[in-house]
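Engineer: Can you look at this prediction? I've put the sequence above it.
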Amino acid sequence: MTHSVIELPVHADDRRIARLAALAIGLTLAEAALPSPVPGVKPGLANIVILLVLLQYGWRAAAWVSGLRVLAGGLLLGSLFAPGFWLSAAGALVSLSVLALARYLPSRHFSPVSLSVLAAFGHIGGQLALVGIWLLPAAALIKLLPVFATAALVFGTVNGLIVMRMLATTTPEPGMSPDILAGTRKG
Amino acid sequence: MTTLRAGDLGVLLTSGSLVVALTIWAWGGDRGDTVVIRAAGQVVETASLAQARTFAVAGPLGTTHIEIEPGRARIARDPSPRQLCVKQGWLTQSGQAALCLPNQVSLEIRGRTTAYDTLGY
C-alpha cells in the first residue's frame, strides 16, 4: 500500500498574503452592503489594503491579494463570472497596472495619496472601458463619467490619507524595509 | 511623513482638472448657434443666435411672434389654442425645438452638430 501524500509547503509569505487577502475580502463584503446611488460608485475600501500591501511587501504581493480578493469576493457575493465580477476584475487589473508604474514615483515628492488617486482612476477607467466595450454603448456612459471621476477623486484621496495615516502609526513588521516608513522608498 | 508632498498636489490638481473637464464635456451640452424657423414645413428663416431679433411668421391661424436674444430663442406669442410652444420657454441647446402645430410654425435651434436627423411626433 502506498501512501501518496501531497505536501504543499506553506511559507510565511503565503500566510501573510492569505491574511491580507482575507482583510481585503472582508472590506469588499462590508462595502457590498452599503447602498449606492449609482452602481459602481463605491469607496473601494479594499484598495486601502492593496495599497498597504504594495508599500510594505511589494507589487507581487499586492497583485496576489487583489486577485484573491476579486475571486473570493465574487464567490462570496454570488457574482462569480457574472458581469459584476468581470468589471471588478477589469478594474483591479488596470489599477494594478497603474500601480506597477506609479510605485516608481519618487516617494520624496509623492505620498500614498498620489498612488491611491491614480489607482482609483485606473480602477474606474478599467471598469468603464469594459462596460463601454461589452455592456453599454459608450454614448450612454458619457453622461455618467463626471460622477465616476468625482467618486474616484474623492474616494482615492480619502483612502490615500487613510493609508498614509496607517503607515505612520504601524510598527515595522518583519520583512518590511525600514526605508518605507522613513519615506525614502525607492520602489 | 503624514503630510501631502509637492507631487501629491500635482496629482490632485491634475485629477481635479480632469474631473472638471469631463463634467463640462459630458454635461455642458451643445449650445446652439443658429435658429431655423419653419412655416408649413418650409424653412422661412435661418438666423444667427448671436444677436437679438424678432420675427413675425404668418400661419393659418394668425401670426406667430418669435424672439431671439443672444444665446437663446423662444416663441413669444402664438395663436394656437393650447400655447404649448409658448410654454416651452427659452431654447438654448442644439436640437431643441418648439412646435406650434396648429399654426404650422416651428422654431429649432441648431449647433455645430445636429443631434437628430429627424424627429417624429
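Structural biologist: Sure, I can see it.
Engineer: In chain A, which helix is the longest?
Structural biologist: helix A:145-169 (DSSP state H).
Engineer: hang on, I meant chain B
Structural biologist: In chain B, assigned by DSSP H, the helix with the most residues is helix B:6-27.
Engineer: State the mean pLDDT of it.
Structural biologist: Per-residue pLDDT over helix B:6-27 has a mean of 91.
Engineer: chain center to that helix, what's the gap?
Structural biologist: 28 Å (C-alpha atoms, centre = their mean, to the nearest Å).
Engineer: what does stretch A:163-171 give?
Structural biologist: Using C-alpha atoms, centre = their mean, the offset of stretch A:163-171 from its chain centre is 17 Å.
Engineer: And the average pLDDT for it is what?
Structural biologist: Per-residue scores along stretch A:163-171 average to 84.
Engineer: which of the residues in that stretch are buried?
Structural biologist: Within stretch A:163-171, the residues that count as buried by 16 or more other C-beta atoms under 10 Å in any protein chain shown are A:V163, A:M164, A:L167. For glycine as for every other residue, the C-beta is placed from the backbone atoms N, C-alpha and C.
Engineer: just curious, which of those is nearest to chain B?
Structural biologist: Among those, A:M164 lies closest to chain B (C-beta to the nearest C-beta), at 5.6 Å.
Engineer: so how far is A:A30 from the closest one?
Structural biologist: In this view, A:M164 and A:A30 are 22 Å apart by C-beta to C-beta, to the nearest Å.
Engineer: Low-confidence regions, chain B specifically.
Structural biologist: Within chain B, the stretches with pLDDT under 70 are B:1-2, B:113-119, B:121.
Engineer: nearest spatial neighbour of the spatially most central residue of chain A, skipping sequence neighbours?
Structural biologist: Centroid-nearest residue in chain A, with C-alpha atoms, centre = their mean: A:N47, separated by 3.6 Å. Leaving out its chain neighbours, the residue that sits closest to A:N47 by C-beta to C-beta, 6 or more residues apart in numbering or on different chains is A:N159, at 5.5 Å.
Engineer: who in chain A is up against chain B?
Structural biologist: A:105-106, A:108-111, A:113-114, A:117-118, A:121, A:142-146, A:149-150, A:152-153, A:156-157, A:164-165, A:167-168, A:181-183 (C-beta under 8 Å from any C-beta of the partner chain).
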